[in-house]
Structure formats: structure tokens, C-alpha cells
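I'll drop the sequence and a predicted model, then ask my questions.
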Amino acid sequence: MIPLTKQHSEQDNALPLLGIQGVTKRFMKGNMPVDILKGINMDIQAGEFVTLMGPSGSGKSTLLNIIGGLDKPSSGSLTFAGEDLANFSQSQLAKWRANNLGFVFQNYQLIPVLTAAENVEMPLLLRNMSKQERQRRVSTALEVVGLSNRQDHYPKELSGGQEQRVSIARALVNDPKFLICDEPTGNLDSLSGKQILSILSSLHRDFGKTIIMVTHDKEAANIGSRLVRLQDGMLQGEAP
Amino acid sequence: MNLPTFVIRNALRNRLRFALTVGTVAAAFCLLALFQATSQGLMGNIANSETDQLIVLNKASASSPLPIKYLEHLSSYPQVAEIGYADWFGGYFQRPENSVPVIAVNGDAYLKANPDFTLDPLSLRNWLANRNGILVSEKMAQRMNILVGQKFSLGSSIWKRSDNEPYWDFIVSGIYQTSEDSVVAGLNLFMHYDYLNEVKIVRKNTVGAFSLLLNDPNQYAQISQSIDAHFANSGAATSTMTLAAYAEAMLSQMVNISEVIKYVMGVIFVTSIGILAANISNNLRDRRKEVALTSAIGFSHHRLFSLFFCENALLLLSGTGLGYLLGFAIISVLYEQIGLFLPAFGLSVSGVLTGIGIAAGISLILAVLPLRELYTLKLSEQLKAA
Ligand SMILES: Nc1ncnc2c1ncn2[C@@H]1O[C@H](COP(=O)(O)OP(=O)(O)OP(=O)(O)O)[C@@H](O)[C@H]1O
Ligand SMILES: [Mg+2]
């Protein structure tokens, strides 16, 4: 039995899962302010698989970090299922991430002293959940990414592709609505990359996960349901 | 897995660092345990003693004599239940280096005024019947294999005999016990005052000290004052104090142990903080990315902080526990020798609690360090691909 729930069809179409309104981000380069994001507007509907492309340094990761609440925008606002994220405190944001988001990073970010299964279990430690339930979810998540036979391996005993699959399992284990993936195939050879993309694709298609994924790979970008380009701090096609 | 497992995995991730940190903290607390045991040995019984035993000495110096006729005035207090007196004999066996702690006392009365010492009635009768009878403490008797009925001669480094004989003959009349909670070590041998007084040439009819036992321990201050006031203008002014105060004064001439302990505690406090602070910042530096990741998947600052706090507390408590265990083992071995002189030598519950209190204090102070780091950690920077 798979505990992951189908999500897109039940969602109210009028209200986007994620709303981005006029988001800007300014960094200081020495004493010079540099505007990386110059006013981003975008709605992501529940069940969409958005792929984001753009030149290196264009601000893709910056945008993803803002969406995930890891960084604050300089101005503009974000809503998640109609709720404004701007007023959330640090601990409210943490809780919101724990309940709604799954992250997949280019460099996997596994904890070296924990086994594959224990890494996957991490987000569940925040929940009031029995040990049996946690173990059931962990093995399901590892099954989804095809790593049931590697659950007791430590990260250093896994290949890059396997590490990334563990990190996807960790992102899934809480059954979040929204997956944020920053170049998940960036460090992988093309075969491992394909495996990862097919897992994400199935999560979108079969389990209705909403996904935003940054990639540099045209082919990868095409597996999504919508392709967005970021250039000069703006989403392609938008006026300044 | 659960959160405690996570804390332990993190603490043990660098085994060598863990062992060194715990070992250093353990060494510090072992040292503290040893000092506490010594302090307890020296001061333990003094701190808990009753104030019903007084000692009257010459005000000029404890080695100056007091006339025996002071007894008359001292007996006039209705609050004084028993009076004994004693003089130092300065005994040695064969050569002056082999000193034997003998004091000359007024028999039955002295024992009554010093209820810490107990003697069976048969030995008492035996002792009182023999002019050169001597009582030996149980500890001394065991250590030097002395038996009742044994005869020996001692020289005196203080007194010359009127008959010019070099030695004083003794016969062991009995073995006395000293109560465990006494402020005196209970090593002295008791000879008869009269035996000394009749044979000595100088300072006849003087004593080194009077011992008083009071009916009511609460009266000690008032009576001491009254006695000292009475003799203030006579030939030998007196200084009266509780037996415990006297024992403490004698001790502090040798070493001020409570000062030493304070310094030791201070040093342990500061070193432990230093070691652990270095450990925390190393850990945080090595683990910034992981901390950021944990935060990203939903661990609040509050929770991350508790995880770090627990990790440090684990280190510190392992160190403290190990240190006290080690200290306890060393103290048990040392007790075989030291216990003879310091029956209270050992660890007290309050001593161990003080140690744990120090450890808790250190934990709290150290708690602030990761807090600052956590709040300044930029998640997006840490999670960037290398
Ligand atoms: N904390 C920061 N302080 C200053 N400048 C920053 C900071 N983070 C990012 N930048 C700058 O913002 C710009 C966008 O960075 P970002 O990582 O979002 O790019 P990206 O589109 O993800 O690039 P890539 O494809 O190489 O991953 C870069 O020029 C970068 O130097
Ligand atoms: Mg990037």
C-alpha cells in the first residue's frame, strides 16, 4: 500500500497552490546593490509540474529558496494555498515546510552518520507518529525510488544517483503537496539523471504532486507540464 | 531511529574528538572529587559537630601552661557537666624522630568530659589501678600491633624526670574507641596526669588544656566569654573555644582546604567551558550544511537548539560521571591509608551534587553559543551546490 495521496483533482482551481506576486531580491556585491529578481509574478496550480530554466547566475536558485521559505524576498509576497507567508515566524515557517514541502538539492544533502533509511526518516521525527508507522512510510518511500535493498547503507556507500534517490525519498516521506527540486540531475551521469527524472515524472503523473524543478537540460525541462524561463531577473515574456 | 539516537550519532561522529573531550572533562571532575574527599575528611566532622565540648587554653599560646587550680573556678559553673584536663607529654620511641602522641589526662574525669572516646569498664578499672597504665586508641593499636598487657618505655621531648632516668615505663591497660563522627582523629595515647606531674621537675601542677562538657550546647558562647573574662587579669589569661573550632584552627594552620577547593572549582569551570566551547564551534563549523538541511526539512531553531544542547549535556555528563567514578575508585584505594587519620575522607552526596550543579551551570552557559550561530546561519548559502 502506498500512503502517498493523489492531490491535484480535488484542489480548487480558482486558488493557486502557490502565488508569487511582485517578488524582488536585491543582493549587495561589495557596496553595490544588485537586483537579481526584479519582480516575479507567477501562479502555480496544484498538480502542475513547472520546469524553470535560465542562464547561470540568473537567480533560479534564489527564486526557489524564496519559494521554500529558506530566504526572504526583498519585496513582494508569497501565498501558499491562499495563506500569506510573509508574516510567518521562523518556527511557523519551519512547521509549514515540514508539513507541505519536500526539497531535492543538486548535491543531495544527506547526513553522513545516518543510513539511507534513517535519512529518509528524519522529517518524520517531527511528527507524532508511532515507530511502526514511521518504518512503514520509510520503506514505502524507498520503494518508490527503487532503493529498498539499500536502506541500511550509509551515504558514502551509495552512488550519486542512489544518494539522489534517497534524498527524493526523504522529500516524499511526509507526503508533501509541493516538491522543490534545484537541478536534481545536475551532478549525475545521464543514465542516473534519467532515472531521477522518471521518478519525478511518476510522482507528478501518478501521485499528483506539484513540482517546481530547475534544470539546465532541455530534455529534462520537457518532462514538466509548463516551462518557464528566467532571464535578467524577469520571467520570460513579462514586462518590467 | 529517534531524536536521542540522532544526538548520540552526532556526538560520536568523531570518536577521537569525543574521547578527548569526555576524557578531559572527566580528569577535571576526578580532581574535584579528590579535593572534595579531602575537604570532607578534614572538615566533614567539624562542620557537623555539636557545640557541647569546650577547650580552655592559655591565651598567649596553646603550648603555654595553665595552673591546675583553675579547676576550682571552672567547676563552679552549673552548666558544666564534666571537666577534664590534659597535658602534652611529647613522647617518642627510642629516638626523637619516632614521635608517639601521648597526652597525660586526669583519668575517669577526662573520659567523661570527652564522650567521643569509649572504653570498656574492665579496661577502665585496670587503667585506674595502674599508675603507669596507658590507653591506646584502637587505630594505633591495630597499626602498631599493640596488645593489652604489653610493656614499653618512651622518652619525652618536653619533660625531664626528677630521677634523671631517660625513659618512662608504661603498661597497656586498654584499647579505647573513637566515635566515627569525632572532630579529633583519635590517635592519642592516654597516660595518667599524676604519673607525669609527680616525676617532672618544672611546671608542676600545670596543665596544657581543660576540656569541658556542657549540659546545654546552646550555652557555649556565653560560658566561653564568662571564663575568659574571669581569668583575663590573672597570671595566665585563657582562651576558650569549642573543640570543633580548635580542630579547625589547628587544621587551617596546615592548609586552607576550602580556599583550595574554590580555586579548583574555578579552574575546572573555566577549562571545561573552554574545551566544550571549542568542541561546539568545531562541530557547528563541520556541520553547517547539515544544520541548514535539517532546518530546511522543518526542524525549528528551537528544536535544533535542543539537539545541540542535549549533545553537549551528553558530553559533559559523561565526563562528569566518568570523573566521579574514577575519583570514587581512587578514593576507595586511598582510604586504606588516609582513613586512619581522616575517617570522614570520602565523597558526600552534597559534594557530588555540587559537581553536578557545576556541570549544569556549564551546560547553560554553553547553550548560548550554538544559539547565536543558529540564528545567523544563512540557509540558502549553506545549501548551495559546492
Ligand atoms: N547571498 C548572496 N549574496 C550576494 N549575492 C548572491 C547571494 N546569493 C546569490 N547571489 C548572486 O545572485 C545571483 C543569482 O544566484 P543564483 O544562485 O540564484 O543563480 P542560479 O540561477 O541558480 O545559477 P546556477 O544555474 O549557476 O545555479 C548570482 O549572481 C549570485 O552571485
Ligand atoms: Mg542554482
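On my side now, so go ahead. Numbering: from 1, shown residues only, chains lettered A, B, ... in the order given. Ligands and ions are numbered 1, 2, ... in the order given.

contacts only, for B:V260.
By CB atoms under 8 Å, 6 or more residues apart in numbering or on different chains, the residues touching B:V260 are B:F35. C-beta coordinates here come from the backbone N, C-alpha and C atoms, glycine included.

just the helices in the chain please.
No chain specified, so I'll use chain A. A:60-67, A:90-100, A:116-121, A:131-144, A:160-172, A:190-207, A:218-221 (DSSP state H).

look at chain B instead
Going by DSSP H, chain B shows helices at B:3-11, B:15-47, B:70-74, B:107-113, B:121-129, B:138-144, B:193-199, B:220-231, B:243-254, B:257-296, B:301-338, B:349-376, B:379-382.

comparing the ones you listed by mean pLDDT, which bottoms out?
For these, mean pLDDT drops lowest on helix B:243-254, to a mean of 78.

show me which residues of the stretch 201-350 of chain B sit near chain A.
Proximity of the stretch 201-350 of chain B to chain A, by CB under 8 Å from any CB of the partner chain, involves residues B:289-290, B:293-303.

adding distance to B:S363, write those out as TSV.
Below are those laid out as TSV (distance: CB to CB, whole Å):
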residue	distance to B:S363
B:K289	26
B:E290	22
B:L293	26
B:T294	21
B:S295	23
B:A296	28
B:I297	27
B:G298	26
B:F299	21
B:S300	21
B:H301	18
B:H302	17
B:R303	17
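
filter those residues to the buried ones?
Buried members of these, counted by 16 or more other CB atoms under 10 Å in any protein chain shown: B:K289, B:E290, B:L293, B:T294, B:S295, B:A296, B:I297, B:G298, B:F299, B:S300, B:H301, B:R303.

next one: the residue lying closest to the third one once chain neighbours are set aside from ligand 1, what distance?
Meaning B:L293. Of all residues not flanking B:L293 in the chain, A:Q109 sits nearest, at 4.4 Å (CB to CB, 6 or more residues apart in numbering or on different chains). Using CB to the nearest ligand atom, to the nearest Å, A:Q109 is found at 15 Å from ligand 1.

same question for A:L158.
24 Å.

check B:R161 too.
For B:R161, the distance to ligand 1 equals 97 Å [CB to the nearest ligand atom].

distance check, the residue nearest to that residue when sequence neighbours are not counted against chain A.
What sits nearest to B:R161 in space, not counting adjacent residues and going by CB to CB, 6+ apart, is B:V199, at 5.1 Å. Using CB to the nearest CB, to the nearest Å, one obtains 82 Å as the distance from B:V199 to chain A.

flag every residue of chain B that's near ligand 1.
B:E381 (CB under 6 Å from any ligand atom).

which residue does chain B bring closest to ligand 1?
Proximity of chain B to ligand 1 (CB to the nearest ligand atom) peaks at B:E381, 5.4 Å away.

coming back round to it: which of the helices of chain B sits closest to B:V100?
Closest approach to B:V100 among these (CB to CB): helix B:138-144, 8.5 Å.

mind listing what's buried along the closest one?
Buried, per 16+ other CB under 10 Å, within helix B:138-144: B:K139, B:M140, B:A141.

what residues are up against B:A26?
Applying CB under 8 Å, 6+ apart, the residues near B:A26 are B:S318, B:G319, B:T320, B:L322, B:G323, B:L326.

what's around B:I171, how many residues?
16 (other CB atoms under 10 Å in any protein chain shown).

identify the bridge partners of it.
For B:I171, the beta-bridge partners under DSSP bridges are B:G133, B:K151.

surely it meets B:V148?
No - assessed by CB atoms under 8 Å, B:I171 is found out of contact with B:V148, at 9.0 Å.

hmm, back to that, now render the contacts of B:A26 as JSON lines, adding neighbour count.
Compiled in JSON lines, the contacts of B:A26 are given as follows (neighbours: other CB atoms under 10 Å in any protein chain shown):
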{"residue": "B:S318", "neighbour count": "17"}
{"residue": "B:G319", "neighbour count": "25"}
{"residue": "B:T320", "neighbour count": "26"}
{"residue": "B:L322", "neighbour count": "17"}
{"residue": "B:G323", "neighbour count": "26"}
{"residue": "B:L326", "neighbour count": "17"}
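
export the residues you listed to CSV and tack on distance to B:F6?
Formatted as CSV, those follow (distance: CB to CB, whole Å):
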residue, distance to B:F6
B:S318, 17
B:G319, 21
B:T320, 23
B:L322, 23
B:G323, 26
B:L326, 29
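
relative to B:E97, which of these is nearest.
B:E97 has its nearest neighbour among the contacts of B:A26 in B:L326, at 36.6 Å by CB to CB.

spatially nearest residue to the closest one (excluding sequence neighbours)?
B:C30 (4.4 Å).

so that neighbour is in contact with B:G321, correct?
No - contact criterion CB under 8 Å: B:C30 and B:G321 do not qualify, at 10.9 Å.

out of these two, name the residue with the larger neighbour count.
Remark: of B:C30 and B:G321, B:C30 carries more neighbours, 22 against 17, as counted by other CB under 10 Å.

grab the nearest non-local neighbour of B:Q53.
B:L243 (4.1 Å).

and if you look at B:T294?
Closest to B:T294 by CB to CB, 6+ apart is B:L304, at 6.3 Å.

cool, A:S148 as well?
A:L142 is the one closest to A:S148 (CB to CB, 6+ apart), at 5.1 Å.

quick one, what contacts the one you found?
A:L142 touches A:A116, A:A117, A:V120, A:S148, A:R150, A:Q151, A:V166, A:A169, counting by CB under 8 Å, 6+ apart.

buried residues of stretch B:28-48, list them for me.
B:28-46.

just the pLDDT at the residue nearest to B:L293, thanks.
For A:Q109, pLDDT reads 95.

same check on the one 5 residues further on?
A:L114 carries a pLDDT value of 96.

next up, the contacts around B:A37.
B:A37 makes contact with B:G327, B:I331, B:L334, B:F345, B:G346, B:L347, B:G351, according to CB under 8 Å, 6+ apart.

err, A:R229, not the other one
A:R229 neighbours (CB under 8 Å, 6+ apart): A:L52, A:M53, A:G54, A:L235, A:Q236.

tell me the contacts of the first one?
Which is A:L52. Taking CB under 8 Å, 6+ apart as the test, what A:L52 contacts is A:K60, A:L63, A:L64, A:I212, A:M213, A:V214, A:T215, A:V228, A:R229, A:L230.

and for the residue nearest to it when sequence neighbours are not counted, the neighbour number?
Excluding its sequence neighbours, the residue lying closest to A:L52 (CB to CB, 6+ apart) is A:V214, at 4.8 Å. A:V214 has 24 neighbouring residues, counting by other CB under 10 Å.

A:R165 touches A:V144, doesn't it?
No - the criterion here is CB under 8 Å, and A:R165 misses it with A:V144 at 9.1 Å.

which of the contacts of A:R229 has the most neighbours?
Going by other CB under 10 Å, A:L52 tops the contacts of A:R229 with 25 neighbours.

for it, list each beta-bridge partner.
With DSSP bridges as the rule, A:L52 is bridged to A:V214, A:V228.

what's the most distant pair in the contacts of A:L52?
Pairwise over those, using CB to CB, the maximum falls at A:L64 and A:R229, 14.6 Å.

ok, now which ones touch the closest residue to A:K177 other than its chain neighbours?
Of all residues not flanking A:K177 in the chain, A:N100 sits nearest, at 5.3 Å (CB to CB, 6+ apart). Taking CB under 8 Å, 6+ apart, we find A:N100 in contact with A:F80, A:P176, A:K177, A:F178.
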